[in-house]
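1. Structure for this input, please:
(one chain, ligands or ions: 12)
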Amino acid sequence: MRSLSVSAFLWLSLLAPTALGLAPAGPWDAFNFAPKSKTVYPASIREQEGTVTNSQRLVNNAGSATLNGQGTYVTLDFGVEVGGLISMNLDSVVPTSSLALSFTESPMFIRPTASDDSSFPSANTTYDTVLPVPAPLTTGLWTQPAFSLRGGFRFLTIVLTSAEGAVTLSNVSCAISFMPHVDDLRAYTGYFFAEDPGFHDENFLTKIWMAGAYTVQTNTVAVNTGRQVPFEPAGHWANNATLGIAGPIIVDGAKRDRAVWPGDMGIAVPTQFVSTNDLIPTRNALGTMLGNINPITGALPESGPPLSQLGSDTYHCWTLIGTHNYYLYSGDLAWVQNIWSNYTKAVAFLEAKVDPKVGLMNVTGLRDWARLGQGGFNAEANAILYHVLTTAASLATAMSLPDLAAAWTQNATALKTNYNAAYWVPELGMYRDNMTTTLTPQDANSLAVLFNVTNSTEQAVSISAGLEKNWGEFGPVAPELPGTITPFISGFELQAHFVAGNASRAMDLLHREWGYILYTNLSVQSTLIEGFTANGSIWYRSFDGYNFDPAYTSHAHGWSSGPTSALTIYVLGLSVTGVQGSEWLFSPNIAGLPHAEGGFETPLGWFGASWTASTQGSTTTFNANVDVPTGTSGVFVVPRELQGSGRLSVSVDGRKTAMADDGSVSLAGGTHTVLVAQD
Ligand SMILES: *[C@@H]1O[C@H](CO)[C@@H](O)[C@H](O)[C@H]1NC(C)=O
Ligand SMILES: *[C@@H]1O[C@H](CO)[C@@H](O)[C@H](O)[C@H]1NC(C)=O
Ligand SMILES: *[C@@H]1O[C@H](CO)[C@@H](O)[C@H](O)[C@H]1NC(C)=O
Ligand SMILES: *[C@@H]1O[C@H](CO)[C@@H](O)[C@H](O)[C@H]1NC(C)=O
Ligand SMILES: *[C@@H]1O[C@H](CO)[C@@H](O)[C@H](O)[C@H]1NC(C)=O
Ligand SMILES: *[C@@H]1O[C@H](CO)[C@@H](O)[C@H](O)[C@H]1NC(C)=O
Ligand SMILES: *[C@@H]1O[C@H](CO)[C@@H](O)[C@H](O)[C@H]1NC(C)=O
Ligand SMILES: *[C@@H]1O[C@H](CO)[C@@H](O)[C@H](O)[C@H]1NC(C)=O
Ligand SMILES: *[C@@H]1O[C@H](CO)[C@@H](O)[C@H](O)[C@H]1NC(C)=O
Ligand SMILES: *[C@@H]1O[C@H](CO)[C@@H](O)[C@H](O)[C@H]1NC(C)=O
Ligand SMILES: *[C@@H]1O[C@H](CO)[C@@H](O)[C@H](O)[C@H]1NC(C)=O
Ligand SMILES: *[C@@H]1O[C@H](CO)[C@@H](O)[C@H](O)[C@H]1NC(C)=O
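-> Ligands and ions are numbered 1, 2, ... in the order given. You can find the predicted model right below:
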């Protein structure tokens, strides 16, 4: 797709959002990873061993294949991450014949004797083993029992486990189990499209946006398909546990944990909003967390049932932040009213942990995203608490409780002052982890910029530069979890570089880390891995809870989808700042790109934009179109790359318009053209 046809789409897409509230069709659809049908067939044969006849016929349901001889197997590749129940026709069998199925996300664990791990991490990598299809087999359609669902895999191995007799089979398929409430998995309400001349794959940005969207879809599941707790004994798995108050519900990962984790939702839900606007799974997840509040202490659980992990002050915060996100996107005030007494109790739980002398929260619920050193006056937790208080104030305003809003705002302001006094280390130009260390963590520094705990632009700029010092070949190695690259925290770092005004650094991070994640052949090249090590291996958290089991790592984790919302919010430039987008911001970053376009849907309608940046000699001309619902109001901000670059003229709808010192121009809803030219 070259610029000529792109400019044709530029107008088409602005003028023709579909009547059904779906995103317009266009070249971006070619990069959507979601299958066209909820019944998927193998896309290719990955490998085979022993006597397999006509294995190719299993591709796309083209006919029958025969396995003969004990241990003979065929490995089918679905082409992308999938999840669901396998069916196949057994065309001919002998009564003593038996089969087994093994599943894996990473191709590193293709083997006839074991799946990758989902029940429990074990250094032998073979905790889960196989699903037996025991003798006596009968001919006809066989379907995997529901309890044995594998929620995430790309490769399926079928092995003949009996010595006598061949088995002929056909019609091998997977009935996709995620997004149980939706027939057309590709019916997105949003899109993003930009060609990236600075990268080896010019469609990388569109693909990574889509990969994040698809990852969150694979994490959206039926309420009775959670991982069983207590974990199944070695050799087994079961995904028939109940996950919450209602389904569909959003969980952390496709293969595992298959439980609600509110921290993960801090990244996954913005992805969901800009791609499918399918927020019911989020409401069900938040309702589950708020419903499980401890009635005496006001503590929220760290994860949903049946895991029901307790004791995390940061994840407690994330449920409250998620509550605000859900309201901001949906405008569902009736739901906020319903959970309000539990919500306020949960905020009070945090406020009671604020030490009156120090003015910061003393973290006693130490569990967190896997970082080390949580506890006491921790900087990451206090940055998150600041965001809880500012968003709580805005919810209190929505609830018509101005006094409460003012009280929370006042406490947020005090926390911000205390934060800067306690953690800022001028010599390092960053925040430290707590008052007795010089470690400058990736999480607190990224979140402090993103949540505006910084009290000056200079601090944000300095932090952005400081964070880059952690980068290796594949991304930032988190000081607070040595040897580890965490796409969850990197998703916040990515946004922080944009907020700090360095889009080129943000793009470098995107290329470096998510470029690795999307293309590495150790993963699934369609959904996003939960974490990895500094050298790119998938031994994530080996020494920190995962028992040196790389087969346990999830390759479809919504918390790794930070680029999806970041591309929409900071590159395309469109975001909602008022409920349902009643107020919005259009603040694009050129980021070295000639063109970007996209948009999303809210209950108020379509929010779309499209821009081109063309440079001739030393002058750049920036042309944008924005199309948002009438009756809303917003602000356009001149791309940072053009600000401070000499005299600028801004025209809106063909009329010269004055911009404020910060490069902003107020706009009413509707359709506008904006031209920024360097004189
Ligand atoms: C990944 O690619 C490398 C280089 O081509 C190859 O050596 C390796 O076997 C591949 N790994 C897997 C799991 O396919
Ligand atoms: C793998 O380790 C688990 C314990 O974590 C054990 O129960 C299981 O038997 C082991 N599997 C094999 C094949 O040794
Ligand atoms: C889940 O499946 C296992 C294995 O079949 C079974 O023992 C258990 O009763 C099932 N649990 C539920 C809640 O259905
Ligand atoms: C093929 O499998 C599907 C399930 O994916 C089943 O509905 C269908 O009946 C099977 N076809 C035949 C011919 O048995
Ligand atoms: C609020 O918390 C109580 C427990 O204190 C629980 O019984 C109730 O269902 C919760 N309300 C909502 C709407 O989740
Ligand atoms: C934090 O609270 C715990 C539990 O109340 C207490 O033991 C600890 O001393 C406090 N930490 C600090 C730094 O005040
Ligand atoms: C302070 O931070 C360091 C570095 O993360 C950590 O090792 C230490 O345990 C923390 N102190 C407390 C009291 O949690
Ligand atoms: C504000 O902070 C003070 C002091 O920590 C606390 O007593 C008060 O409850 C907080 N207010 C609210 C509304 O949480
Ligand atoms: C930033 O925070 C520090 C520490 O509280 C304070 O001394 C300083 O005045 C603040 N700066 C601004 C611009 O608010
Ligand atoms: C950041 O906080 C300061 C007050 O500390 C406020 O003036 C400013 O508007 C905030 N910035 C944003 C983007 O919210
Ligand atoms: C942005 O980051 C790059 C490094 O990625 C750096 O060279 C450049 O100076 C930064 N620009 C600004 C304006 O800070
Ligand atoms: C990569 O790092 C992991 C964990 O630190 C280590 O176990 C592994 O040996 C390293 N691999 C290579 C190829 O260096």
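
2. close to ligand 1, is the longest strand that the chain contains?
-> The longest strand of the chain (DSSP state E) is strand 64-92. No. Looking at strand 64-92 against ligand 1 by CB under 6 Å from any ligand atom, there are no contacts, and the closest approach is 11.1 Å. For every residue, glycine as well, the C-beta is placed using N, CA and C.

3. Could you list the contact residues of the stretch 351-500 of the chain toward ligand 6?
-> Going by CB under 6 Å from any ligand atom, the residues of the stretch 351-500 of the chain near ligand 6 are Asp355, Asn362, Thr364, Gly376, Phe377.

4. Quick check: closest non-adjacent residue to the last one.
-> So the one you mean is Phe377. Distances taken as CB to CB, 6 or more residues apart in numbering put Leu360 closest to Phe377, at 4.7 Å, once the chain neighbours are dropped.

5. Repeat that for the second one.
-> In space, and not counting its chain neighbours, Asn362 is closest to Asp355: 5.1 Å by CB to CB, 6+ apart.

6. swap in Gly71?
-> Gly50 (5.8 Å).

7. Could you do Val260 as well?
-> With CB to CB, 6+ apart, the residue lying closest to Val260 is Gly304, at 3.0 Å.

8. I'd like to know if the longest strand of the chain reaches ligand 4 anywhere along the stretch.
-> Yes. Applying CB under 6 Å from any ligand atom, one finds strand 64-92 touching ligand 4 at Ser87, Asn89.

9. partners of that strand in the sheet?
-> Sheet pairing of strand 64-92 (DSSP bridges) gives strand 44-53 (antiparallel), strand 140-143 (antiparallel), strand 150-160 (antiparallel), strand 167-176 (antiparallel).

10. Now do His497: how many residues are near it, please.
-> 29 (other CB atoms under 10 Å).

11. ok, back up a step: can I assume the residue nearest to Phe377 is in contact with Thr417?
-> No. Assessed by CB atoms under 8 Å, Leu360 is found out of contact with Thr417, at 10.5 Å.

12. And the two? Which one has more around it.
-> Leu360 (25 against 11).

13. one step back: tell me which of the strands paired with strand 64-92 sits nearest to ligand 6.
-> Proximity to ligand 6 (CB to the nearest ligand atom) singles out strand 150-160 among these, at 38.4 Å.

14. low-scoring stretches of the stretch 201-350 of the chain, by residue?
-> Along the stretch 201-350 of the chain, the model assigns pLDDT under 70 to no residue.

15. Could you show which parts of it are in contact with ligand 5?
-> Near ligand 5, when you scan the stretch 201-350 of the chain using CB under 6 Å from any ligand atom, you find Gly287, Leu290, Gly291, Ile293, Pro295, Asn338, Ile339, Asn342.

16. who touches the last one in this structure?
-> If I follow you right, that is Asn342. Counting by CB atoms under 8 Å, 6 or more residues apart in numbering, Asn342 touches Leu290, Gly291, Ile293.

17. Save those residues as JSON lines, and put in distance to Asp403 and neighbour count too.
-> Formatted as JSON lines, the contacts of Asn342 follow (distance: CB to CB, whole Å; neighbours: other CB atoms under 10 Å):
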{"residue": "Leu290", "distance to Asp403": "23", "neighbour count": "24"}
{"residue": "Gly291", "distance to Asp403": "27", "neighbour count": "14"}
{"residue": "Ile293", "distance to Asp403": "23", "neighbour count": "21"}
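
18. Show me the residues you listed that map onto helices.
-> Leu290, Gly291 (DSSP state H).

19. with the contacts of Asn342 in mind, which one is nearest to Ser523?
-> Among the contacts of Asn342, Leu290 lies closest to Ser523 (CB to CB), at 34.1 Å.

20. The residue nearest to Val260: neighbouring residues, count only.
-> 31.

21. Asp661 too?
-> 6.

22. Give me the nearest residue to the residue of the stretch 551-679 of the chain found nearest ligand 8, chain neighbours excluded.
-> Going by CB to the nearest ligand atom, ligand 8 is nearest to Val579 of the stretch 551-679 of the chain, at 22.0 Å. Spatially, and ignoring its direct neighbours in sequence, Val579 is nearest to Gly331 (4.9 Å; CB to CB, 6+ apart).

23. Check Val74 too.
-> Nearest non-adjacent residue to Val74, counting by CB to CB, 6+ apart: Gln48, 4.4 Å away.

24. wait, doesn't the one you found sit right on Thr75?
-> Yes. Using CB under 8 Å, Gln48 is in contact with Thr75, at 6.8 Å.

25. got the phi/psi numbers for Ser565?
-> phi -70, psi -30 (degrees, to the nearest 10).

26. List the contacts of it.
-> Gly212, Ile267, Pro270, Thr271, Phe273, Val274.

27. of these, buried ones?
-> Buried members of the contacts of Ser565, scored by 16 or more other CB atoms under 10 Å, are Gly212, Ile267, Pro270, Thr271, Phe273, Val274.

28. Dump these to JSON lines, plus distance to ligand 3 and secondary structure.
-> Shown next, in JSON lines, are the buried ones among the contacts of Ser565 (distance: CB to the nearest ligand atom, whole Å; DSSP: H, G, I helix; E, B strand; the rest coil):
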{"residue": "Gly212", "distance to ligand 3": "31", "secondary structure": "helix"}
{"residue": "Ile267", "distance to ligand 3": "30", "secondary structure": "helix"}
{"residue": "Pro270", "distance to ligand 3": "33", "secondary structure": "helix"}
{"residue": "Thr271", "distance to ligand 3": "30", "secondary structure": "helix"}
{"residue": "Phe273", "distance to ligand 3": "32", "secondary structure": "helix"}
{"residue": "Val274", "distance to ligand 3": "35", "secondary structure": "helix"}
